[in-house]
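1. coords below, sequence missing:
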């Protein structure tokens, strides 16, 4: 049996997600084979791609002899969108009913369009992540950056702990402790935001690759009102601390790149008359801010705060002295 051409894979993956959502008991590999007219190996790859990028998909417990995969909770609204052409057609139908004097039908279509636009906003917030991971799993994209090796068993255990609000024990920096996992922040390194039961109730950032001897416990915990997104937005990278009102000046040489660059969720960007660009944001993590500014070379200046600028100058001077010492 021939596989479908590679260009159809992304649309097939999304279609499979919709198929899984439509069946309460999920789908089997043989059903995927039949529906998409593909080999069993391709059906397995499609299932594996979804398992990697969509954590809501799980192996379902059923009375069937064949294994089934699907959703335990709703997800459909987040993977279906409406194109501008489809919405435009609805607008034309609405105008037609208006011209014909069918005000009741016009009102129904207007309400439908409003609901579709609301759904589209939900869809947009997650499309980039899904498509990026899909393209990586299909071989169309590669994420290339330095990274630490992390045991998949550790990731799997911590994921299970977060899903079920379970504590886990582990060794971290040579010390064994109980942790309450709250979320992950991905960057050059992967950080687990967790509460160390022996150190109070405040969450801290732990390097995931430093965990060992991880063991899932049967003890549950209450996440309370912890908001991962809000927590992450407080810092420039992953380090929490004193917040700074940062103001940066970028030269016109990098203006276009800066205007299309995401520094921080609170950022405000303004172009000056001389084509230079001002970037403002509020965040903690002064060292990560400084490290990041190195990449912009002499095309960036720290306008404020003065303390951050002085730290940057001090780090630049120490770096220069270190390099000169080799000559």
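-> It's in. Please read these numbers as outputs of a predicted model, since none were measured by experiment. Residues are numbered from 1 along each chain as shown.

2. Can you spell out the domain ranges of this protein, please?
-> With domains defined by automatic domain parsing, the chain comprises 6-77, 81-138, 152-232, 235-324.

3. Check those for me: which has the lowest mean pLDDT.
-> Confidence, taken as mean pLDDT, is least for domain 81-138 of the domains of the chain (a mean of 64).

4. Tell me the buried residues in stretch 99-113?
-> Residues 106, 109, 113 are the ones in stretch 99-113 that count as buried (16 or more other Cβ atoms under 10 Å). C-betas here are computed from N, CA, C, even on glycine.

5. Let's have the residues you listed in JSON lines, adding secondary structure and distance to residue 216.
-> Listed next are these as JSON lines, based on DSSP: H, G, I helix; E, B strand; the rest coil; distance: Cβ to Cβ, whole Å:
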{"residue": "106", "secondary structure": "helix", "distance to residue 216": "57"}
{"residue": "109", "secondary structure": "helix", "distance to residue 216": "52"}
{"residue": "113", "secondary structure": "helix", "distance to residue 216": "47"}
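
6. how about the nearest residue to residue 274, chain neighbours excluded?
-> Nearest non-adjacent residue to residue 274, counting by Cβ to Cβ, 6 or more residues apart in numbering: residue 252, 6.5 Å away.

7. my read: that neighbour touches residue 271, true?
-> No: proximity of residue 252 to residue 271 does not meet the contact threshold set by Cβ atoms under 8 Å, at 9.1 Å.

8. wait, residue 113 sits on residue 92?
-> No: using Cβ under 8 Å, residue 113 makes no contact with residue 92, being 11.2 Å away.

9. who are the neighbours in contact with the residue lying closest to residue 103 once chain neighbours are set aside?
-> Nearest residue to residue 103 in three dimensions, chain neighbours excluded: residue 97, at 7.8 Å (Cβ to Cβ, 6+ apart). Contacts for residue 97 (Cβ atoms under 8 Å, 6 or more residues apart in numbering) come out as 103, 105, 106, 109.

10. all helices for this structure, in order.
-> Using DSSP state H, the helices of the chain run over residues 9-22, 29-36, 40-53, 84-100, 103-138, 152-164, 228-233, 255-259, 286-293, 306-324.

11. May I see these arranged in TSV, with distance to residue 70 as well?
-> TSV is the format used below for the helices of the chain (distance: least, Cβ to Cβ, whole Å):
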stretch	distance to residue 70
helix 9-22	4
helix 29-36	11
helix 40-53	10
helix 84-100	27
helix 103-138	17
helix 152-164	16
helix 228-233	26
helix 255-259	43
helix 286-293	40
helix 306-324	50
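
12. Can you tell me which of those is nearest to residue 278?
-> When the helices of the chain are compared by Cβ to Cβ, helix 255-259 sits nearest residue 278, at 9.5 Å.

13. Now do that closest one: which elements does it pack against?
-> Applying 3 or more Cβ pairs under 8 Å, 6 or more residues apart in numbering; DSSP states H and E, we find helix 255-259 packed against strand 268-271, strand 277-283.

14. Centre of the chain to that helix, how far?
-> Centroid separation for helix 255-259 versus its chain: 23 Å, with Cα atoms, centre = their mean, to the nearest Å.

15. contact partners of stretch 208-224?
-> Outside stretch 208-224, the residues that touch it by Cβ under 8 Å, 6+ apart are 148-150, 153-155, 157-158, 160-161, 164-173, 176, 178, 180, 182, 184, 189-192.

16. Selection in PyMOL covering whichever of the residues you listed are buried, please.
-> This is how PyMOL selects the buried members of these, with burial counted by 16+ other Cβ under 10 Å:
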select buried, resi 150+154+155+157+158+161+166+167+168+170+172+178+180+182+184+189+190+191+192
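
17. Mind checking which of the contacts of stretch 208-224 land in strands?
-> Judged by DSSP state E, the subset of these located in strands is 166-172, 176, 178, 180, 182, 184, 190-192.

18. quick check, nearest of these to residue 304?
-> residue 191 (28.0 Å).

19. wait, that closest one sits on residue 204?
-> No: Residue 191 lies out of contact with residue 204 (Cβ under 8 Å); the separation is 9.3 Å.

20. How many neighbouring residues does the residue nearest to residue 290 when sequence neighbours are not counted have?
-> Nearest residue to residue 290, sequence neighbours excluded (Cβ to Cβ, 6+ apart): residue 312, at 5.1 Å. For residue 312, the neighbour count with other Cβ atoms under 10 Å is 19.
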